[in-house]
Each structure stands twice: as structure tokens, then as C-alpha cells.
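> Quick one: sequence and predicted model below, then my questions.
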Amino acid sequence: MRVLRPILAAALALGATAVVPPLALRAQEVASDTLLTVGHYLDLESVADPRISPDGSTIVYTRRWVNKLADQFETTLWIMRSDGTHNRVFAKGSSPRWSPDGTRIAYLADGEPKGTQIFVRWVDGDASATQLTRVAEAPADLHWSPDGKSIGFSMFVPKPPVWAIDLPKPPDSAHWTRAPRLVETMHFREDRKGFQDPGFRHLFVIRTDGGPARQITSGDWNVGARFDGLSGPVGWDWLPDGSALVVDGLQEPDAEFHYRESRIARVSVATGAVTPLTTETGNWASPVVSPDGAWIAYTGFAATDQTYQTSGLYVMRADGTGRRALTADLDRDVGEVHWAADGKSLYFTAEDRGARHLYTVSMAGGPARPLTTGVEFVSLGSVAKTGVAAIARATTTRPAELARVALGRQADVVPLTAINDAVLSRVHLAPVEEIWYTSSSGARIQGWVAKPPSFDPTRKYPLILEIHGGPHGAYNGTFNYMVQNFAANNYVVLEVNPRGSTAYGSAFGDAINKNYPGVDYDDLMAGVDTVIRRGYVDDRNLFVSGCSGGGVLSSWVIGHTTRFAAAAVRCPVIDWISMAGETDIPLFTYEFFEKPFWESPDSWLAHSPLMYVGHVKTPVLLMTGELDRRTPMPQTEEYYVALQMRHVPSALLRFEGEYHGTGSRPTNFMRTQLYMMSWFKRYTTPPQSATTTH
């Protein structure tokens, strides 16, 4: 499940052929230099976390690439002049942050004695880096102090439970079994981390001229706005005089039971004393202090029992008074907030109907105004004092690339990198068409249709309905490798943002409150019908797939209709009652029901795909990571065994080394694609007449 918009996630076809025996199948594409194959995936890179120097002259950013020997993704820091020249490798690492005077960059990288550490390197002159920390837990959330003499960061502080028993002393050279793991908290496991020892995340400060890190916050509480007890980035900032920090978190003894609740507080650097600044109960997070220290901007929403509520932009004075909303008219999730240098306006990003754009809003009032337009997905790294910003920008034909933006009345976007042109300029990409259609209750639904690169409107193609996760997530109209790869293999691919999706406002996102799955099923089927009516889809060869929230809905779909020839259900929730005790996000699970299952099990059962397995006739391929803690393997196994008991054609793939999803390893992403295509090929009805194939 994808947490806090990001909780349930989403991820990934050959031409028509005759049904063949299972042992004769090969999960393999035909090699091609002109069509996008899974092999091209190994050569793609992605740009993220661009940071522009305070004077606007230089940009440092991360490039993620595939280490083919180690079968993993790695990140390297690159640096260039802001005009795009002198682009070069800076260091191996991630999370770069400029010093206030622009002379140094702090970043995270593997160091001694082991694991992630903080490094600082001068931009000019000596090319060597200084390792600042030598800590046992991984530091994160770096912020330079205003005077550039210290760096603040967050770090987990273990607090092992103690339960002493009088066990006899073991004999010499004995090898006794390790003691059992003691669990006394609600949250004791986390996806991508496994089982976790108890403890709390706190803020630390370390001087850049050396010495040990000093812990600022302490106690049995976490800094950072937590969602359902999960770890994530800590929102915090320095006051300009360096005397205090402003941080989000919840200083409550039972904070892990306060679902989606956090506050903003000021913390004294000298004493660690915590002073609350927000008073209204709600999810208040990501504080950013104005240049003069007079105001604090932050995001969030007041307490609600809705499963989804857009997160707005607010400001308050540094003492917590004068709170007011700046984006009440926007009804979109606000993120990546930055102050203008003069403190009179703010910049941020927000998703809206399949795109994410830069916005600005004035402290003097008035509506938020978009600065970028079109089908693109923008991530705002940082803004220089000159009003120039560094962004990562994905478009319909390219993954995220680095760009520079002059933030005037309309942003002037200047592309700076084209790192994937060497791969993508050689292949024919699928044309992607945006569609809108009407579903039940008159709801207007947005989707995208990707067609094969050599699309012939007189032909009929198989169709894949790919469903996103979340459920409060969303597709956008920009480059999607999974979709492009399917289309290159002669499939029409449909992506839909059904009700429950983000980027359309609170009411649209909350339409599945206490009813998931629900009307989202109507929206998906209406989308399939819309595309079929266009005349180029073979309705005998419809396929459905999805991961996480998409796994929930794809399993729900085949329990409510037999129109699909085959399904690929990835990392699903099958049984909400057992899910509540197996997942690392139990409070999220309970939130979707009016009452706990021991008081009213009927709704829990009625919304569980497992309860409709008796209706399933569609052949089902199940795929889940062995290490998944979000939608754990027992969910998939429950469904698989039920399908086997009913003799429904089914197969289970248990992915090695994978937590939630099946694509964190490059080879597993490729396997996911190929196994899905092979499964769909197995159950494709042959065309009635010969067709052209690639």
C-alpha cells in the first residue's frame, strides 16, 4: 500500500498467438533496436533532487543508473553550471545540500565504519571530501545552519526493550538459540526494512570542523510527521539566528495510535526544550521558515475521519499566531514549498489532472497561480536568491531530466540535460492519448490510452487495463516505461484515474471512503467500454493487472466480471481482516471501515476480494515479493490456494529480495514485464485473420 500519497504503489505484452502448453512458453520478447524492449531498461538513467547554489550559478543533482553487475540501482552526484555547461561527476552519493555561502556541498554516502554517513566537499579547489559522521544509524534530512558552521540531521535512536529472565548460564562452547524478539508496540515492522527494533527518530547537530554529533531532541517520541507509524522524511528548518529549529512531529506517549496527526513545534538548540506552535488537531507538516524568520510556512489539513483530504499551504508567525490558509481555493495537495527571497510569496508544486506543476502564491492574498503548463511532471529542488530554480521535469516522451526555471509571471523552462536521448531517440515510442469519459453518478474520469508505435486503426488489438496503487495515488500523462514496453509488444494500454485518485480534489479522492473497492470499479469498467467503442480493441483479448492498490482492484475486477481473458495480480490485499494483522500499516487498514471487524465483520468481508473467489473464471498470475511487509505474502497465498481449490488456472511467482512491489531490482522489473507478457500470451485468442506482427 502506498502511504501518504505515496501508500499502495503501481508498476508494468506480445502479439496475438495460439494457446500453447505451459511448459512450451517463453517469457521473452523479440530483440529490437527500434521498439522499446526490457533490455533498454538497463541503459536508462533518471534525474532527481536538483539543487541550485544560493547565487544561482551552479546546480548539483543526482543521477540514478543501473549497476548491471550488482543488479541494483545506484546514485551519483553530478554538477554543472546553471547554463548547462561543464556537466561532470561530483561524487558518489545522494541528498546534496548547498552551504549558505555556496562554497560547499553536504551529501550522504557510504562511509566508515559502515553504512550511510554525512560528507562535505568544497565545490572548488580540493577535490577530496570530509566524512563528518561516524554513526551507527543512517543520518537523513540534512540542513545547514544559517552561519554554515553546523549541519543538522535526523537519526534513529534505538531503545531496546528489556525483559530480564534468569536463564541458566550456558556451558562453555555452547551454541544456544538467540533470545526471542520482544515486541511491545503497534509498529514493529516496516516495508523495505523488515522487523524493527524499537526506538525514536531525533534531531542532531554536528559542526563542520569536526567533533561528535550532539542530540537536540530526545524522549519517547518521533520528530517527523509519521503516517501510521512509518518512517519518512522529517520536515524541519532553522530559524535565521540559529537559536532554534522548527520541526514537525507528535510529542505524545501514544503517538503511534494517532493516525495522520502531527504538529509543528519550535526546539531550542541550546536546551532541546520543545514549544508547540500549532494548536488545532490535524496533520501539520513540512515547516519552512521565511528568510527574515518572521513567518513559518507549512502544509497539512485539520483532523478528519475521511480517508483522503488534500493538504493545503498555511502560514503562521514564528510564535504560532496569525495562522491562515494560502491555498484554500486550490483543493490540491501542496508540496515542495520554498519562500521567495523577499519573503513576499512562496513557490510550491501540486498535482492536477495528470500533471504536476509549479505554482506561486502571494502572502498578500489572492489565488495560487500556476507557473508551468502542459503535460509534464515537475519536481522542485531548490530556488536561488536570484529567483532561478532547479527542477526535474518528465514529459510524455522522456523520464525526468534536469531543467532551469526563471520564476517570473510565467516560468521560463530551459532544459539542461538529455541523458536518455542516446537510448530513446533510436526507438519508436507509443503515442499516448488523453481521454475523458463519464462513469456512474455522472463522474468525469480521466485516463490515457497508449497505442502500439505502428498502430493501424483498421486492426483490433488486445488491451491491458493497468490499475494504479494507493488507492490515493494517480497516473499522469508522462513517460511510463511499463506502458511503453507493453505498447511496443502490440498491446493497447489503458491507464485510468478512478475515483479515489489524487489530483482531482478532496471530494473525488474521498469518494471511496469506507467503500473500497466501490465506485472505482465502475470507473475502470467505463474506461474499458469507452476504448472498446473506438473500434480498435479485440474484446476477446482483454487483460487486467495492477500492484498493491492495483492488486486489490485487479483481483476485485475478476471476482465481479468474466470479461477479461487473463489477469496479473501483483502484491494484492485479498482479505482485509487478516491484512490488518499482517501489514506494516494497520491503522490505514482500520481507517477504511466504520467499525473494527470484531464488532462488525460484514463490511470487512464484503470488501475483500477473497470473498468473491467463487465467481472467478479468469486465469490468474500472482506476483509478490518474498519480503513484502505492506501487502505481505500470506495475502497472495490465501488467494492462490483458493483459486487452486476451485481449479482456476493460476500461478504464483515469489520474487526474491523484493519488499513491496516487484521491481526494486532491475532484473526483477524486467522479469515482471516478461512474465506478465508470457501469461497474457498464453491466454490470447488467435485473431480471425492474419495480422502484421513486429
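Structure's in. What do you need?
> tally of neighbours for residue 131?
As a burial measure, residue 131 scores 12 neighbours (other Cβ atoms under 10 Å). Quick note: C-beta positions are derived from backbone N, CA and C, even for glycine.
> what sits opposite it in the beta ladder?
residue 119 (DSSP bridges).
> how close does it get to residue 98?
Distance of residue 131 to residue 98, computed by Cβ to Cβ, to the nearest Å: 19 Å.
> Let's verify residue 313: helix, strand, or coil?
The assignment at residue 313 comes out as strand when based on DSSP: H, G, I helix; E, B strand; the rest coil.
> how many neighbours does it have?
Other residues close to residue 313 by other Cβ under 10 Å number 24.
> Contacts only, for it.
Residue 313 makes contact with 297, 298, 299, 325, 326, 327, 334, 337, 346, 348, 361, 368 under the criterion Cβ atoms under 8 Å, 6 or more residues apart in numbering.
> tell me which of these is nearest to residue 268?
Lowest distance from residue 268 to the contacts of residue 313 (Cβ to Cβ) belongs to residue 298, with 19.3 Å.
> if I look at the closest residue to residue 619 other than its chain neighbours, how far off is residue 36?
Nearest non-adjacent residue to residue 619, counting by Cβ to Cβ, 6 or more residues apart in numbering: residue 649, 3.8 Å away. According to Cβ to Cβ, residue 649 and residue 36 sit 29 Å apart.
> cool, and residue 67?
Per Cβ to Cβ, residue 67 is found 21 Å from residue 36.
> gap between residue 239 and residue 519?
Separation of residue 239 from residue 519 (Cβ to Cβ) stands at 47 Å.
> One more: residue 339?
40 Å.
> Between those two, which has more neighbouring residues?
Taking neighbours as other Cβ under 10 Å, residue 339 and residue 519 compare with residue 339 leading, 21 against 18.
> got the contact list for the closest residue to the more buried one other than its chain neighbours?
Closest residue to residue 339 apart from its sequence neighbours, by Cβ to Cβ, 6+ apart: residue 290 at 5.2 Å. Counting by Cβ under 8 Å, 6+ apart, residue 290 makes contact with 296, 297, 339, 343.
> try residue 628
191, 571, 658, 659, 660.
> got a winner among these for most neighbours?
Within the contacts of residue 628, neighbour counts (other Cβ under 10 Å) peak at residue 571, which reaches 34 neighbours.
> Pull up the gap between that one and residue 662, please.
Look at residue 571 and residue 662: by Cβ to Cβ, they are 7 Å apart.
> Please identify every residue contacting each of those two.
Residues touching both residue 571 and residue 662 (Cβ under 8 Å, 6+ apart) are 547, 623, 624, 625.
> With secondary structure, neighbour count and distance to residue 245 as added columns, please give these in TSV.
Shown next, in TSV, are the shared contacts of residue 571 and residue 662 (DSSP: H, G, I helix; E, B strand; the rest coil; neighbours: other Cβ atoms under 10 Å; distance: Cβ to Cβ, whole Å):
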residue	secondary structure	neighbour count	distance to residue 245
547	strand	32	38
623	strand	29	44
624	strand	30	41
625	strand	29	37
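> Phi first, then psi, for residue 663.
phi -130, psi 20 (degrees, to the nearest 10).
> How many residues are close by it?
Number of residues near residue 663 (other Cβ under 10 Å) recorded here: 23.
> what's the spacing between the residue lying closest to it once chain neighbours are set aside and residue 40?
With Cβ to Cβ, 6+ apart as the criterion, residue 663 has its nearest non-adjacent residue at 3.6 Å, and that residue is residue 669. Computed with Cβ to Cβ, the distance linking residue 669 and residue 40 is 12 Å.
> can you give me the end-to-end distance of stretch 391-402?
One end of stretch 391-402 sits 6 Å from the other (Cα to Cα, to the nearest Å).
> Equivalent analysis for stretch 237-252, please.
Start-to-end span of stretch 237-252 (Cα to Cα) is 21 Å.
> Buried residues, it. List them.
237, 238, 239, 244, 245, 246, 247, 248, 249, 250, 251 (16 or more other Cβ atoms under 10 Å).
> Correct me if wrong: the last one contacts residue 218.
No. With contact taken as Cβ atoms under 8 Å, residue 251 and residue 218 are classed as non-touching, separated by 10.8 Å.
> quick one: the biggest helix by length in the chain to chain centroid distance?
For the chain, the longest helix by residue count, based on DSSP state H, is helix 666-682. Remark: helix 666-682 is offset 22 Å from the chain centroid, using Cα atoms, centre = their mean, to the nearest Å.
> Equivalent analysis for stretch 310-330, please.
Distance, stretch centre to chain centre, for stretch 310-330: 25 Å (Cα atoms, centre = their mean).
> Likewise for stretch 482-499?
20 Å.
> let's number from 804 now, not from 1
Yep, numbering from 804; the last one is stretch 1285-1302 now.
> Give me the mean pLDDT for that stretch.
Taken as a whole, stretch 1285-1302 has an average pLDDT of 97.
> just to revisit the earlier point, make JSON lines out of the contacts of residue 1431 and add pLDDT and distance to residue 1305.
Listed next are these as JSON lines, based on pLDDT from 0 to 100; distance: Cβ to Cβ, whole Å:
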{"residue": "994", "pLDDT": "87", "distance to residue 1305": "20"}
{"residue": "1374", "pLDDT": "97", "distance to residue 1305": "20"}
{"residue": "1461", "pLDDT": "95", "distance to residue 1305": "25"}
{"residue": "1462", "pLDDT": "95", "distance to residue 1305": "23"}
{"residue": "1463", "pLDDT": "96", "distance to residue 1305": "19"}
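> Walk me through the domains of the protein.
825-843+1229-1485, 905-967+1004-1018, 1036-1128 (automatic domain parsing).
> most tightly surrounded among those?
Looking across the domains of the chain with neighbours counted as mean count of other Cβ atoms under 10 Å, the highest average goes to domain 825-843+1229-1485: a mean of 21.
> Return the distance of it from the chain's centre.
Distance, stretch centre to chain centre, for domain 825-843+1229-1485: 17 Å (Cα atoms, centre = their mean).
> Please apply the same query to stretch 1134-1151.
Once both centres are worked out by Cα atoms, centre = their mean, stretch 1134-1151 turns out to sit 21 Å from its chain's centre.
> Start and end of that stretch, how far apart?
With Cα to Cα as the measure, stretch 1134-1151 spans 14 Å from end to end.
> In that stretch, which residues are buried?
For stretch 1134-1151, a neighbour-count test (16+ other Cβ under 10 Å) marks 1134-1143, 1148-1151 as buried.
> Adding secondary structure, distance to residue 1416 and pLDDT, write the residues you listed out as CSV.
Output for the buried residues of stretch 1134-1151, formatted as CSV (DSSP: H, G, I helix; E, B strand; the rest coil; distance: Cβ to Cβ, whole Å; pLDDT from 0 to 100):
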residue, secondary structure, distance to residue 1416, pLDDT
1134, coil, 39, 96
1135, coil, 38, 97
1136, coil, 35, 96
1137, strand, 41, 97
1138, strand, 39, 95
1139, strand, 43, 96
1140, strand, 46, 97
1141, strand, 50, 97
1142, strand, 54, 97
1143, coil, 56, 96
1148, strand, 55, 96
1149, strand, 50, 97
1150, strand, 50, 97
1151, strand, 45, 97
